[in-house]
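Asker: using only what follows, build the 3D model:
(chains A and B)
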Amino acid sequence: MNHAIELVNVSKTFRGQNNREFRAIEQLNLQIHDGEFFSLLGPSGCGKTTLLRMIAGFETPTAGEVVIHGEAMRDRPAFHRPVNTVFQNYALFPHLTVAENVAFGLEMDNLPKAQIRSRVGDVLALVKLNGLENRRPRQLSGGQQQRVALARALVKKPQVLLFDEPLGALDLKLRKAMQLELKHMQQQIGITFVYVTHDQEEALTMSNRIAVMSDGHILQVGTPTDIYEEPNCRFVADFIGESNFLIGQVIEQSMGGIVALIDGELTLSVPYEPEIPVGKIITLVIRPEKVTIHPDTSGENHGLRGTVKDVVYIGTDTRFVIQLTSRSELIVRRQNIHHGNLDTFTLGEQVQIRVAPNSIRVLEEGSLSPDIVQDTINTPPKSV
Amino acid sequence: MFNALKTHFATATNRRRFNLAVLAVPATVWLLFFFVLPLVIVLLYSVLERGIYGGVEWQFTLENYQRLLNPIYWGIFGRSLWLAFMTTLACLLLGYPLAFFIASRPPQWRNTLLLLVIIPFWTNFLVRIYAWIVILRQEGVINVLLQSFNLIDQPLDLLFNSFAVTVGLIYGYLPFMILPLYATLERFDFSLLDAAQDLGANDLKTLIRVVIPLTLRGVVAGSLLVFIPAVGEFITPDILGGAKTVMMGNLVQSQFLSARNWPFGSVLSIVMIVIVLIPIVIYFRVAEEKLNA
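Answerer: Purely as a prediction, here's the structure:
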């Protein structure tokens, strides 16, 4: 597969006040395929915008190489790169009209006037801004300004379009509409989009692939499904959607599965292929919507039990907080599909909890607090 | 009922208007006495005959204006305009990069740098202009340095000519250019530089197409602040220009103080006011329209 963008061992160090060094990006490698919608996702300060600015040419990597369509960009200034950017605050030229803003990039390429006019007209039609050609940016709404910024970048027909949190300033409804519109536009014109955002839902909605970043590193790259269903670390599981984390210790491994002891009180069997030594501390990730909650039919001994600690009705779902062990709680989301099943559990009620074992994700990380380690050693586990 | 309410609100609005008008009274009185009245006196004197020992005779005449036709004065007006224009241009070329530099520093540095620009004001203007004599004269700093490096045989004539006057004017008025330029550049959105580069503009094109148009207001304001006082300057040409470089201001000064021809001095003052008004009118008519479009 062709790579639109390749980052090879890229590092970026900023020299801040008092000459203190700040490592924004460290030894980062990444390939972005041609024609895909790729998102860089992470909390603020994780280095995603710095990464984007290095691709655009506004920042120079301290080490490593940015390669765009097979060409190393080391000595290429921003104005000679085959990429264009849609900026966070749009950065529209306030002294120019909509049409002049869009034409700016083409004028820089010294294209003939007639060609500029027709291309500006085409792209304004594409972003549905016909009729506003002679307005100035400050006479436009936020959504319209956003479209001008998009048109201004698109009109140059770049091989790669870069987005720096372009929807951040829009209200929720407009943002959701623009997300779908951007996604369809990308499918229609087929160029590579690299999209920086801190909004996980936005990234999941639009992207073919996502890179989750933290502290200047990429933690995981994958499709939205990969990232959500199979997070490779606790940070990713925590940042994308909601997760329950149960810290446990492997007490048995057999036939493609492990048995984990949670808080010295509770054992769980989960499928897990890789070799893992008994005694290893692990983290189990359980998504709240993958758990179901049932009345405790007494007598049956299998399955998990817990006490209802909190019930929060939030319209589409109801969230239950279940006290699972003396130390761990489990958040459960139940979709409110039937009118009849609302509020069937009360505080303090003993309930049964079911979760498909293959919906539990095992992470080989985590640490127990010292007193739990003590407990585990002293009390032999109850068998289930 | 409705009408009563309307009257009530109308009086409330009127009262507020009155209260606001009161705020303008002190400045208005001050301007009437020290700006409008002197201007009227100058206008009046310009059409009266000169007194023998200064002052005026109360006799209407237009002779004072006829004297303006003498080419000698045109030469002096021309020189004043030319020197003021060169000063403005030089201040712009020196001040713009500096203002840009200061405005693009981190915020904690900007005030310190601005302070450095303003510091010369703490010394008396006369003293600062006299200091240039020490620098420019034949045994001055520049000539001594150039000679000690064997770059010149004879000391250069740097003092008592238009060059010295221009140097003095540039030196004196540079801060008046930098401060308004800084004020507009400080509000300049530097992310527009990224945007221009991103769209294929190199540094020069970015400057011409984005930075200058968006800071035109500061350029115009700074140019006016330099040009207007420079045209009427009389201290700098008096000290650094010697007898050869007379400017309009010197002419006015000499008419009032040496020649004791107050009416002609008034005429020259009016000419100066008109000359200075021209760029201001251009500023308000043309530039404002363009900037507000």
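Asker: who in the stretch 101-250 of chain A is up against chain B?
Answerer: Near chain B, the residues belonging to the stretch 101-250 of chain A are A:104-105, A:108-109, A:152-153, A:156 when assessed by C-beta under 8 Å from any C-beta of the partner chain. The C-beta positions use only the backbone N, C-alpha and C, and glycine is treated the same way.
Asker: rerun that using 10 Å as the cut-off
Answerer: Along the stretch 101-250 of chain A, the residues adjacent to chain B under the rule C-beta under 10 Å from any C-beta of the partner chain are A:101-110, A:136, A:149, A:152-153, A:155-156, A:158, A:162, A:164.
Asker: let's see which of those residues end up in helices.
Answerer: In helices, judged by DSSP state H, the following of those are found: A:101-108, A:149, A:152-153.
Asker: follow-up on the earlier one: drop anything exposed from the residues of the stretch 101-250 of chain A next to chain B.
Answerer: A:101-108, A:136, A:149, A:152-153, A:155-156, A:158, A:162, A:164 (16 or more other C-beta atoms under 10 Å in any protein chain shown).
Asker: pipe the ones in helices among the residues of the stretch 101-250 of chain A next to chain B into a markdown table and attach pLDDT per row.
Answerer: As requested, those are arranged in a markdown table below (pLDDT from 0 to 100):
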| residue | pLDDT |
| --- | --- |
| A:101 | 96 |
| A:102 | 96 |
| A:103 | 96 |
| A:104 | 96 |
| A:105 | 94 |
| A:106 | 95 |
| A:107 | 95 |
| A:108 | 94 |
| A:149 | 95 |
| A:152 | 95 |
| A:153 | 94 |
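Asker: of all these, which comes closest to residue B:70?
Answerer: The shortest separation between residue B:70 and any of these is 52.5 Å, and it belongs to residue A:107 (by C-beta to C-beta).
Asker: I figured the closest one hits residue B:208, correct?
Answerer: No. Here residue A:107 does not reach residue B:208: they are 11.7 Å apart, not a contact under C-beta atoms under 10 Å.
Asker: what do the two both touch?
Answerer: Taking C-beta atoms under 10 Å, 6 or more residues apart in numbering or on different chains as the contact criterion, the residues that touch both residue A:107 and residue B:208 are residue B:201.
Asker: how far out from the middle of the chain is stretch A:11-24?
Answerer: 26 Å (C-alpha atoms, centre = their mean, to the nearest Å).
Asker: for residue B:250, see how far away the closest residue to residue B:255 other than its chain neighbours is.
Answerer: Leaving out its chain neighbours, the residue that sits closest to residue B:255 by C-beta to C-beta, 6 or more residues apart in numbering or on different chains is residue B:265, at 3.4 Å. Residue B:265 sits 11 Å away from residue B:250, going by C-beta to C-beta, to the nearest Å.
Asker: the more surrounded of those two?
Answerer: More crowded of residue B:265 and residue B:250, by other C-beta atoms under 10 Å in any protein chain shown: residue B:265, with 24 against 21.
Asker: so the more buried one versus residue B:121, what's the distance?
Answerer: According to C-beta to C-beta, residue B:265 and residue B:121 sit 29 Å apart.
Asker: before we move on, what about residue A:310?
Answerer: Relative to residue B:121, residue A:310 is positioned 68 Å away (C-beta to C-beta).
Asker: residue A:57 contacts residue B:194, correct?
Answerer: Yes. A contact is recorded between residue A:57 and residue B:194 when judged using C-beta under 10 Å, the distance being 9.5 Å.
Asker: list residues touching both of these two?
Answerer: Shared contacts of residue A:57 and residue B:194, defined by C-beta under 10 Å, 6+ apart, are found at A:78, A:85.
Asker: give me every residue in the stretch 151-293 of chain B lying close to chain A.
Answerer: Taking C-beta under 10 Å from any C-beta as the measure of proximity, the stretch 151-293 of chain B contacts chain A at B:189-203, B:205-206, B:209-210, B:213-214, B:216, B:290-291, B:293.
Asker: skipping its backbone neighbours, what lies nearest residue A:280 in space?
Answerer: If you skip the residues right next to it in sequence, residue A:280 has residue A:250 as its closest partner in space, 4.8 Å away by C-beta to C-beta, 6+ apart.
Asker: does that neighbour count as helix, strand or coil?
Answerer: On the three-state scheme (DSSP: H, G, I helix; E, B strand; the rest coil), residue A:250 is labelled strand.
Asker: what's around residue A:266, how many residues?
Answerer: Neighbour count of residue A:266, defined by other C-beta under 10 Å: 20.
Asker: how about residue A:49?
Answerer: 20.
Asker: does the helix or strand it falls within come close to chain B?
Answerer: According to DSSP states H and E, residue A:49 maps onto helix A:48-56. Yes. Using C-beta under 10 Å from any C-beta, a contact is recorded between helix A:48-56 and chain B, made by A:53, A:56.
Asker: separation between residue B:196 and residue A:108?
Answerer: 8 Å.
Asker: same check on residue A:16?
Answerer: Looking at residue A:16 against residue A:108, where the rule is C-beta to C-beta, the gap reads 33 Å.
Asker: who touches residue 124 in this structure?
Answerer: Unless you meant another one, I'm taking chain A. With contacts defined as C-beta under 10 Å, 6+ apart, the neighbours of residue A:124 are A:98-99, A:102, A:130-133, A:147-148, A:151, A:154-155.
Asker: chain B was what I was after
Answerer: Counting by C-beta under 10 Å, 6+ apart, residue B:124 has contacts residue B:130.
Asker: tell me the phi and psi of it?
Answerer: According to degrees, to the nearest 10, the main-chain angles of residue B:124 amount to phi -60, psi 140.
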